[in-house]
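> Sequence plus predicted model, see below.
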Amino acid sequence: MTPEDQWNERIEGRLRQAHEQIHFRQEWAEKLLHELNHCAKPQHPKPQISLLPNVQNTGVHWRIALTLVAAMLVVVGSGIWLVRLDSNSDSLAFELPHSNDATDSEPGVGEPYSKQKSRTTESRLAAMQTVSPSVAQQAAVSVNRRGETIAVKPAADYLAARLSTDDPEFEIYVVLPTVKTDLLTEPH
Amino acid sequence: MHSLATLRKAHEVHDQLPDQLLRVYRFAMHLCRDQHLAEDLAQEAMFRAMRQRDSLHEPRALQVWLLRIVENLWRDWCRCHGKRGVSMLQCDPADAQLEPVEQLSLSDEVERAVAAMNQLPERQRVVLHLIACEELSIAETSEVLQITRQAVRSSLSLARAQMRRMLMPPAATNTEYSSGQEQ
(Lines give C-alpha, C1' and ligand atoms only; values in the text may rest on other atoms or scores of the structure.)
Protein backbone atom coordinates (compact mmCIF):
# COMPACT_ATOMS: atom_id res chain seq x y z
CA MET A 1 0.00 0.00 0.00
CA THR A 2 1.47 3.32 -1.03
CA PRO A 3 1.55 6.35 1.30
CA GLU A 4 -1.08 7.89 -0.89
CA ASP A 5 -3.37 4.91 -0.41
CA GLN A 6 -2.74 5.05 3.32
CA TRP A 7 -3.63 8.70 3.37
CA ASN A 8 -6.80 8.09 1.36
CA GLU A 9 -7.76 5.33 3.75
CA ARG A 10 -7.21 7.54 6.73
CA ILE A 11 -9.30 10.42 5.39
CA GLU A 12 -12.04 8.11 4.20
CA GLY A 13 -12.06 6.52 7.63
CA ARG A 14 -12.68 9.97 9.10
CA LEU A 15 -15.48 10.49 6.61
CA ARG A 16 -16.96 7.15 7.63
CA GLN A 17 -16.79 8.19 11.28
CA ALA A 18 -18.66 11.39 10.52
CA HIS A 19 -21.16 9.47 8.48
CA GLU A 20 -21.84 7.07 11.31
CA GLN A 21 -22.66 9.93 13.62
CA ILE A 22 -25.76 10.69 11.59
CA HIS A 23 -28.85 9.22 13.22
CA PHE A 24 -32.46 9.58 12.43
CA ARG A 25 -35.15 10.57 14.87
CA GLN A 26 -36.29 7.44 16.66
CA GLU A 27 -39.91 8.52 16.67
CA TRP A 28 -39.89 9.05 12.91
CA ALA A 29 -38.23 5.70 12.29
CA GLU A 30 -40.65 3.78 14.49
CA LYS A 31 -43.62 5.38 12.81
CA LEU A 32 -42.22 4.66 9.37
CA LEU A 33 -41.48 1.03 10.17
CA HIS A 34 -44.95 0.63 11.61
CA GLU A 35 -46.44 1.98 8.39
CA LEU A 36 -44.22 -0.29 6.33
CA ASN A 37 -45.34 -3.33 8.30
CA HIS A 38 -48.92 -2.27 7.84
CA CYS A 39 -48.40 -2.02 4.08
CA ALA A 40 -46.69 -5.37 3.94
CA LYS A 41 -49.63 -7.25 5.48
CA PRO A 42 -51.50 -9.36 2.95
CA GLN A 43 -54.62 -7.62 1.89
CA HIS A 44 -57.72 -9.69 2.57
CA PRO A 45 -60.33 -9.41 -0.12
CA LYS A 46 -63.01 -7.00 1.00
CA PRO A 47 -66.64 -8.03 0.67
CA GLN A 48 -67.96 -6.42 -2.42
CA ILE A 49 -71.24 -4.61 -2.10
CA SER A 50 -72.26 -3.77 -5.58
CA LEU A 51 -75.36 -3.68 -7.67
CA LEU A 52 -73.31 -4.79 -10.61
CA PRO A 53 -73.08 -8.48 -11.40
CA ASN A 54 -70.06 -10.22 -9.99
CA VAL A 55 -67.87 -10.11 -13.08
CA GLN A 56 -64.31 -11.20 -12.58
CA ASN A 57 -63.05 -9.39 -15.63
CA THR A 58 -62.36 -5.79 -14.63
CA GLY A 59 -62.72 -4.64 -18.24
CA VAL A 60 -66.23 -6.02 -18.41
CA HIS A 61 -66.97 -4.40 -15.07
CA TRP A 62 -65.95 -1.03 -16.44
CA ARG A 63 -67.97 -1.53 -19.58
CA ILE A 64 -71.10 -2.28 -17.55
CA ALA A 65 -70.52 0.79 -15.39
CA LEU A 66 -70.03 3.00 -18.44
CA THR A 67 -73.17 1.60 -20.07
CA LEU A 68 -75.17 2.37 -16.93
CA VAL A 69 -73.81 5.90 -16.82
CA ALA A 70 -74.64 6.40 -20.50
CA ALA A 71 -78.17 5.09 -19.93
CA MET A 72 -78.62 7.45 -16.98
CA LEU A 73 -77.46 10.36 -19.12
CA VAL A 74 -79.98 9.43 -21.82
CA VAL A 75 -82.80 9.21 -19.27
CA VAL A 76 -81.89 12.53 -17.69
CA GLY A 77 -81.54 14.15 -21.11
CA SER A 78 -84.93 12.84 -22.21
CA GLY A 79 -86.48 14.10 -18.98
CA ILE A 80 -85.08 17.56 -19.56
CA TRP A 81 -86.38 17.50 -23.12
CA LEU A 82 -89.84 16.41 -22.01
CA VAL A 83 -89.99 19.11 -19.36
CA ARG A 84 -89.08 21.71 -21.95
CA LEU A 85 -91.73 20.35 -24.29
CA ASP A 86 -94.31 20.41 -21.52
CA SER A 87 -93.48 24.00 -20.61
CA ASN A 88 -94.06 24.98 -24.24
CA SER A 89 -97.21 22.91 -24.65
CA ASP A 90 -99.51 25.94 -24.81
CA SER A 91 -97.80 27.41 -27.79
CA LEU A 92 -97.58 24.02 -29.43
CA ALA A 93 -101.26 23.46 -28.93
CA PHE A 94 -102.03 26.70 -30.70
CA GLU A 95 -99.97 25.57 -33.59
CA LEU A 96 -101.88 22.35 -34.00
CA PRO A 97 -104.67 22.35 -36.59
CA HIS A 98 -107.99 22.47 -34.77
CA SER A 99 -110.54 23.29 -37.44
CA ASN A 100 -112.47 20.09 -36.79
CA ASP A 101 -112.57 20.79 -33.09
CA ALA A 102 -113.86 24.30 -33.70
CA THR A 103 -116.51 23.13 -36.06
CA ASP A 104 -117.72 20.31 -33.92
CA SER A 105 -117.57 21.95 -30.57
CA GLU A 106 -120.57 23.62 -29.18
CA PRO A 107 -120.11 27.38 -28.93
CA GLY A 108 -120.86 29.03 -25.68
CA VAL A 109 -123.04 32.00 -24.95
CA GLY A 110 -121.92 35.12 -26.78
CA GLU A 111 -119.68 33.29 -29.20
CA PRO A 112 -119.91 34.42 -32.81
CA TYR A 113 -121.40 32.25 -35.44
CA SER A 114 -120.35 32.83 -38.97
CA LYS A 115 -122.13 31.67 -41.99
CA GLN A 116 -119.77 28.83 -42.39
CA LYS A 117 -120.94 27.53 -39.05
CA SER A 118 -124.52 27.63 -40.05
CA ARG A 119 -124.88 23.92 -39.64
CA THR A 120 -123.89 24.23 -36.08
CA THR A 121 -126.10 27.24 -35.65
CA GLU A 122 -128.93 25.30 -37.05
CA SER A 123 -128.34 22.47 -34.75
CA ARG A 124 -128.21 24.88 -31.85
CA LEU A 125 -131.42 26.45 -32.83
CA ALA A 126 -132.94 23.05 -33.24
CA ALA A 127 -131.76 22.28 -29.78
CA MET A 128 -133.47 25.36 -28.52
CA GLN A 129 -136.71 23.98 -29.75
CA THR A 130 -136.39 21.25 -27.23
CA VAL A 131 -136.38 23.60 -24.29
CA SER A 132 -139.51 24.71 -22.69
CA PRO A 133 -141.27 27.60 -24.36
CA SER A 134 -140.88 29.80 -21.32
CA VAL A 135 -137.12 29.46 -21.45
CA ALA A 136 -137.01 29.93 -25.19
CA GLN A 137 -138.97 33.09 -24.81
CA GLN A 138 -136.24 34.54 -22.63
CA ALA A 139 -133.53 33.87 -25.18
CA ALA A 140 -132.60 36.29 -27.86
CA VAL A 141 -130.60 36.16 -31.03
CA SER A 142 -128.21 38.93 -31.87
CA VAL A 143 -127.41 39.29 -35.51
CA ASN A 144 -124.22 41.15 -36.14
CA ARG A 145 -122.62 42.22 -39.35
CA ARG A 146 -119.02 43.30 -39.48
CA GLY A 147 -119.00 43.52 -35.71
CA GLU A 148 -122.05 45.72 -35.55
CA THR A 149 -125.32 44.54 -34.10
CA ILE A 150 -128.03 44.94 -36.69
CA ALA A 151 -130.78 43.05 -34.96
CA VAL A 152 -131.68 41.46 -31.68
CA LYS A 153 -134.65 39.29 -31.86
CA PRO A 154 -136.35 37.01 -29.47
CA ALA A 155 -135.28 33.48 -30.06
CA ALA A 156 -138.80 32.42 -30.74
CA ASP A 157 -139.14 34.93 -33.54
CA TYR A 158 -135.72 33.91 -34.80
CA LEU A 159 -136.76 30.36 -34.91
CA ALA A 160 -139.81 31.28 -36.77
CA ALA A 161 -137.88 33.39 -39.24
CA ARG A 162 -135.40 30.58 -39.86
CA LEU A 163 -132.59 32.88 -40.47
CA SER A 164 -130.93 32.22 -43.75
CA THR A 165 -128.37 34.35 -45.38
CA ASP A 166 -125.60 33.94 -47.84
CA ASP A 167 -123.64 36.90 -46.58
CA PRO A 168 -120.45 35.60 -45.00
CA GLU A 169 -120.09 38.77 -43.00
CA PHE A 170 -123.10 37.97 -40.86
CA GLU A 171 -122.41 36.84 -37.35
CA ILE A 172 -125.07 35.51 -35.13
CA TYR A 173 -124.77 35.70 -31.38
CA VAL A 174 -127.08 33.80 -29.17
CA VAL A 175 -127.82 35.99 -26.23
CA LEU A 176 -129.10 34.04 -23.32
CA PRO A 177 -128.65 36.24 -20.31
CA THR A 178 -130.53 34.03 -17.94
CA VAL A 179 -130.33 30.69 -19.61
CA LYS A 180 -127.57 28.21 -18.79
CA THR A 181 -125.28 27.07 -21.52
CA ASP A 182 -126.38 23.48 -21.17
CA LEU A 183 -129.57 24.67 -22.83
CA LEU A 184 -127.60 24.73 -26.04
CA THR A 185 -126.29 21.23 -25.95
CA GLU A 186 -127.10 18.81 -28.64
CA PRO A 187 -130.03 16.54 -27.95
CA HIS A 188 -129.04 13.00 -27.36
CA MET B 1 -50.36 -15.13 -9.78
CA HIS B 2 -47.22 -14.94 -7.69
CA SER B 3 -44.91 -17.87 -7.79
CA LEU B 4 -43.58 -19.28 -4.56
CA ALA B 5 -40.07 -18.01 -5.37
CA THR B 6 -41.35 -14.49 -5.95
CA LEU B 7 -43.24 -14.52 -2.67
CA ARG B 8 -40.18 -15.79 -0.85
CA LYS B 9 -38.04 -13.03 -2.35
CA ALA B 10 -40.63 -10.40 -1.50
CA HIS B 11 -40.73 -11.71 2.06
CA GLU B 12 -36.97 -11.58 2.24
CA VAL B 13 -36.89 -8.01 1.02
CA HIS B 14 -39.53 -7.06 3.55
CA ASP B 15 -37.46 -8.55 6.35
CA GLN B 16 -34.34 -6.69 5.27
CA LEU B 17 -35.92 -3.29 4.72
CA PRO B 18 -35.84 -2.13 8.37
CA ASP B 19 -32.12 -2.86 8.53
CA GLN B 20 -31.56 -0.61 5.54
CA LEU B 21 -33.45 2.36 6.92
CA LEU B 22 -30.46 3.97 8.61
CA ARG B 23 -28.32 3.59 5.51
CA VAL B 24 -31.05 5.06 3.34
CA TYR B 25 -31.56 7.96 5.70
CA ARG B 26 -27.86 8.72 5.89
CA PHE B 27 -27.48 8.71 2.13
CA ALA B 28 -30.51 10.98 1.80
CA MET B 29 -29.02 13.25 4.45
CA HIS B 30 -25.73 13.33 2.57
CA LEU B 31 -27.50 14.35 -0.61
CA CYS B 32 -29.87 17.00 0.66
CA ARG B 33 -28.27 18.16 3.96
CA ASP B 34 -31.69 18.75 5.47
CA GLN B 35 -33.18 16.58 8.17
CA HIS B 36 -36.82 16.95 7.17
CA LEU B 37 -36.14 16.52 3.49
CA ALA B 38 -33.97 13.50 4.22
CA GLU B 39 -36.82 11.98 6.20
CA ASP B 40 -39.17 12.56 3.29
CA LEU B 41 -36.75 11.07 0.78
CA ALA B 42 -36.01 8.06 2.94
CA GLN B 43 -39.66 7.47 3.66
CA GLU B 44 -40.62 7.63 0.01
CA ALA B 45 -37.75 5.36 -0.93
CA MET B 46 -38.77 2.78 1.64
CA PHE B 47 -42.38 2.80 0.53
CA ARG B 48 -41.39 2.53 -3.12
CA ALA B 49 -39.16 -0.38 -2.31
CA MET B 50 -41.94 -2.03 -0.35
CA ARG B 51 -44.44 -1.56 -3.16
CA GLN B 52 -42.08 -2.82 -5.83
CA ARG B 53 -40.32 -5.49 -3.84
CA ASP B 54 -41.53 -8.14 -6.24
CA SER B 55 -39.50 -6.54 -9.02
CA LEU B 56 -36.20 -6.94 -7.17
CA HIS B 57 -34.74 -10.12 -8.61
CA GLU B 58 -31.83 -10.37 -6.25
CA PRO B 59 -32.51 -9.51 -2.58
CA ARG B 60 -28.77 -9.21 -1.95
CA ALA B 61 -28.80 -6.16 -4.20
CA LEU B 62 -31.31 -4.47 -1.92
CA GLN B 63 -28.85 -1.90 -0.61
CA VAL B 64 -27.80 -0.74 -4.07
CA TRP B 65 -31.42 -0.73 -5.18
CA LEU B 66 -32.50 1.42 -2.24
CA LEU B 67 -29.67 3.90 -2.68
CA ARG B 68 -30.53 4.17 -6.34
CA ILE B 69 -34.13 4.94 -5.45
CA VAL B 70 -32.96 7.66 -3.07
CA GLU B 71 -30.70 9.11 -5.74
CA ASN B 72 -33.56 9.16 -8.24
CA LEU B 73 -35.88 10.76 -5.75
CA TRP B 74 -33.28 13.41 -5.00
CA ARG B 75 -32.83 14.14 -8.69
CA ASP B 76 -36.59 14.45 -9.10
CA TRP B 77 -36.76 16.78 -6.13
CA CYS B 78 -33.98 18.97 -7.55
CA ARG B 79 -35.66 19.01 -10.92
CA CYS B 80 -38.99 20.02 -9.41
CA HIS B 81 -37.49 22.71 -7.21
CA GLY B 82 -34.92 23.89 -9.71
CA LYS B 83 -32.02 23.81 -7.29
CA ARG B 84 -29.30 21.68 -5.85
CA GLY B 85 -28.62 20.72 -2.30
CA VAL B 86 -27.06 23.26 0.03
CA SER B 87 -23.94 22.59 1.94
CA MET B 88 -24.57 21.58 5.51
CA LEU B 89 -21.43 23.23 6.82
CA GLN B 90 -21.78 26.31 4.64
CA CYS B 91 -18.05 26.37 3.94
CA ASP B 92 -16.68 29.43 2.27
CA PRO B 93 -15.27 28.50 -1.13
CA ALA B 94 -12.34 30.79 -0.41
CA ASP B 95 -11.51 28.50 2.47
CA ALA B 96 -10.71 25.69 0.08
CA GLN B 97 -7.25 25.23 1.54
CA LEU B 98 -8.11 23.76 4.91
CA GLU B 99 -5.85 23.27 7.86
CA PRO B 100 -3.72 20.14 7.41
CA VAL B 101 -5.18 17.18 9.31
CA GLU B 102 -1.83 16.31 10.86
CA GLN B 103 -2.14 19.34 13.11
CA LEU B 104 -5.64 18.55 14.35
CA SER B 105 -7.27 16.41 17.00
CA LEU B 106 -9.36 13.45 15.88
CA SER B 107 -12.68 15.29 16.08
CA ASP B 108 -11.28 18.27 14.26
CA GLU B 109 -9.79 15.98 11.69
CA VAL B 110 -13.19 14.42 11.10
CA GLU B 111 -14.76 17.83 10.81
CA ARG B 112 -12.13 19.01 8.34
CA ALA B 113 -12.49 15.90 6.24
CA VAL B 114 -16.22 16.44 5.99
CA ALA B 115 -15.71 20.10 5.20
CA ALA B 116 -13.25 19.19 2.46
CA MET B 117 -15.65 16.67 1.00
CA ASN B 118 -18.38 19.29 0.96
CA GLN B 119 -16.17 21.43 -1.23
CA LEU B 120 -16.13 18.83 -3.95
CA PRO B 121 -18.32 18.98 -7.03
CA GLU B 122 -21.48 17.02 -6.46
CA ARG B 123 -20.65 14.05 -8.65
CA GLN B 124 -17.24 13.57 -7.00
CA ARG B 125 -18.73 14.07 -3.56
CA VAL B 126 -21.41 11.47 -4.04
CA VAL B 127 -18.99 8.99 -5.56
CA LEU B 128 -16.57 9.46 -2.69
CA HIS B 129 -19.41 9.07 -0.21
CA LEU B 130 -20.64 5.85 -1.75
CA ILE B 131 -17.14 4.38 -1.92
CA ALA B 132 -15.87 5.63 1.43
CA CYS B 133 -18.93 5.74 3.65
CA GLU B 134 -21.30 3.20 2.12
CA GLU B 135 -18.37 0.98 1.20
CA LEU B 136 -19.77 0.15 -2.20
CA SER B 137 -17.67 -1.24 -5.01
CA ILE B 138 -17.03 0.61 -8.26
CA ALA B 139 -19.66 -1.52 -9.97
CA GLU B 140 -22.27 -0.92 -7.28
CA THR B 141 -21.59 2.81 -7.30
CA SER B 142 -22.01 2.93 -11.05
CA GLU B 143 -25.32 1.17 -10.65
CA VAL B 144 -26.57 3.55 -7.97
CA LEU B 145 -25.62 6.63 -9.94
CA GLN B 146 -26.43 5.06 -13.29
CA ILE B 147 -23.11 6.05 -14.81
CA THR B 148 -20.30 3.99 -16.28
CA ARG B 149 -17.65 2.38 -14.11
CA GLN B 150 -15.04 4.44 -15.88
CA ALA B 151 -16.89 7.60 -14.89
CA VAL B 152 -16.96 6.37 -11.29
CA ARG B 153 -13.22 5.70 -11.31
CA SER B 154 -12.54 9.07 -12.84
CA SER B 155 -14.73 10.93 -10.34
CA LEU B 156 -13.19 9.00 -7.45
CA SER B 157 -9.68 9.78 -8.59
CA LEU B 158 -10.47 13.47 -8.96
CA ALA B 159 -12.19 13.54 -5.57
CA ARG B 160 -9.24 11.98 -3.81
CA ALA B 161 -6.84 14.33 -5.49
CA GLN B 162 -8.94 17.30 -4.43
CA MET B 163 -9.11 16.01 -0.88
CA ARG B 164 -5.36 15.62 -0.72
CA ARG B 165 -4.89 19.10 -2.10
CA MET B 166 -7.10 20.55 0.57
CA LEU B 167 -6.00 18.51 3.56
CA MET B 168 -2.42 17.38 3.10
CA PRO B 169 0.40 19.54 4.46
CA PRO B 170 1.77 21.80 1.71
CA ALA B 171 5.18 20.22 2.02
CA ALA B 172 3.78 16.75 1.53
CA THR B 173 1.72 17.92 -1.41
CA ASN B 174 4.70 19.63 -3.00
CA THR B 175 6.84 16.60 -2.45
CA GLU B 176 4.19 14.36 -3.91
CA TYR B 177 3.64 16.71 -6.85
CA SER B 178 7.36 17.07 -7.57
CA SER B 179 7.94 13.34 -7.23
CA GLY B 180 5.04 12.77 -9.58
CA GLN B 181 6.59 15.21 -12.06
CA GLU B 182 9.97 13.57 -11.80
CA GLN B 183 8.36 10.30 -12.71
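Great, that's in hand. Everything quoted here is computed from the prediction, not taken from an experiment.

> Domain-wise, how is chain B divided?
Following automatic domain parsing, one gets these domains for chain B: B:4-81, B:93-169.

> for those domains, which one sits closest to chain A?
domain B:93-169 (3.6 Å; CB to the nearest CB). Heads up, the C-betas are built off the backbone N, CA and C, glycines and all.

> In chain A, which helix is the longest?
Secondary structure of chain A per DSSP state H: the longest helix is helix A:58-87.

> hmm, that helix in reach of chain B?
No - counting by CB under 8 Å from any CB of the partner chain, chain B has no neighbours in helix A:58-87; the shortest distance is 15.7 Å.

> pLDDT averaged over that helix, what's the number?
Average pLDDT, helix A:58-87: 77.

> Just the pLDDT at residue A:19, thanks.
Looking at residue A:19, its pLDDT is 87.

> my read: it touches residue B:29, true?
No - the pair residue A:19 / residue B:29 is not scored as a contact, 9.0 Å apart, by CB atoms under 8 Å.

> doesn't residue B:22 make contact with residue A:23?
Yes - look at residue A:23 against residue B:22 with CB under 8 Å: they come within range, at 7.5 Å.

> Name the residue in the two with the higher neighbour count.
residue B:22 (15 against 11; other CB atoms under 10 Å in any protein chain shown).

> Could I get the contacting residues of the more buried one?
A:23, A:24 (CB atoms under 8 Å, 6 or more residues apart in numbering or on different chains).

> cool, and the one 3 residues further on?
The contact partners of residue B:25, taken as CB under 8 Å, 6+ apart, are A:22, A:24, A:29, B:38, B:39, B:42.

> at 10 Å instead, please
Contact partners of residue B:25, counting by CB atoms under 10 Å, 6 or more residues apart in numbering or on different chains, are A:22-25, A:28-29, A:32, B:35, B:38-39, B:41-43, B:45-46, B:70.

> From those residues, list just the buried residues.
With burial judged by 16 or more other CB atoms under 10 Å in any protein chain shown, the buried subset of the contacts of residue B:25 is A:22, A:24, A:28-29, A:32, B:35, B:38-39, B:41-43, B:45-46, B:70.

> Could you dump those into TSV and include secondary structure, distance to residue B:127 and pLDDT?
As requested, the buried ones among the contacts of residue B:25 are exported to TSV (DSSP: H, G, I helix; E, B strand; the rest coil; distance: CB to CB, whole Å; pLDDT from 0 to 100):
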residue	secondary structure	distance to residue B:127	pLDDT
A:22	coil	19	87
A:24	coil	24	86
A:28	helix	28	88
A:29	helix	27	88
A:32	helix	28	87
B:35	helix	24	88
B:38	helix	19	91
B:39	helix	24	91
B:41	helix	19	91
B:42	helix	21	92
B:43	helix	25	90
B:45	helix	19	90
B:46	helix	24	89
B:70	helix	15	92
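
> CSV for these, including distance to residue A:77?
CSV is the format used below for the buried ones among the contacts of residue B:25 (distance: CB to CB, whole Å):
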residue, distance to residue A:77
A:22, 64
A:24, 58
A:28, 54
A:29, 57
A:32, 51
B:35, 57
B:38, 55
B:39, 52
B:41, 51
B:42, 53
B:43, 48
B:45, 50
B:46, 50
B:70, 53
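
> Show me which of the residues you listed is closest to residue A:61.
Lowest distance from residue A:61 to the buried ones among the contacts of residue B:25 (CB to CB) belongs to residue B:46, with 33.0 Å.

> Hmm, that closest one is touching residue B:62, no?
No - here residue B:46 does not reach residue B:62: they are 11.2 Å apart, not a contact under CB atoms under 10 Å.

> distance of residue A:15 from residue B:122?
According to CB to CB, to the nearest Å, residue A:15 and residue B:122 sit 16 Å apart.

> Same question for residue B:24.
19 Å.

> Which of the two has more residues huddled nearby?
A direct count of neighbours by other CB under 10 Å for residue B:24 and residue B:122 places residue B:24 higher, at 23 against 12.

> Tell me the spatial nearest neighbour of the more buried one, not counting adjacent residues.
residue B:42 (4.7 Å; CB to CB, 6 or more residues apart in numbering or on different chains).

> Contacts only, for the one you found.
Counting by CB under 10 Å, 6+ apart, residue B:42 makes contact with A:24, A:28-29, A:32, B:20-29, B:66, B:69-70, B:73.

> what residue ranges in the chain are flagged as low confidence?
Answering for chain A, as no chain was given. A:40-59, A:82-188 (pLDDT under 70).

> other chain: chain B
B:1-14, B:57, B:59-60, B:83-104, B:169-183.

> now the helices: where do they sit in it?
Going by DSSP H, chain B shows helices at B:4-32, B:35-51, B:62-81, B:106-118, B:122-128, B:138-145, B:149-167, B:170-182.

> No more questions from me, cheers.
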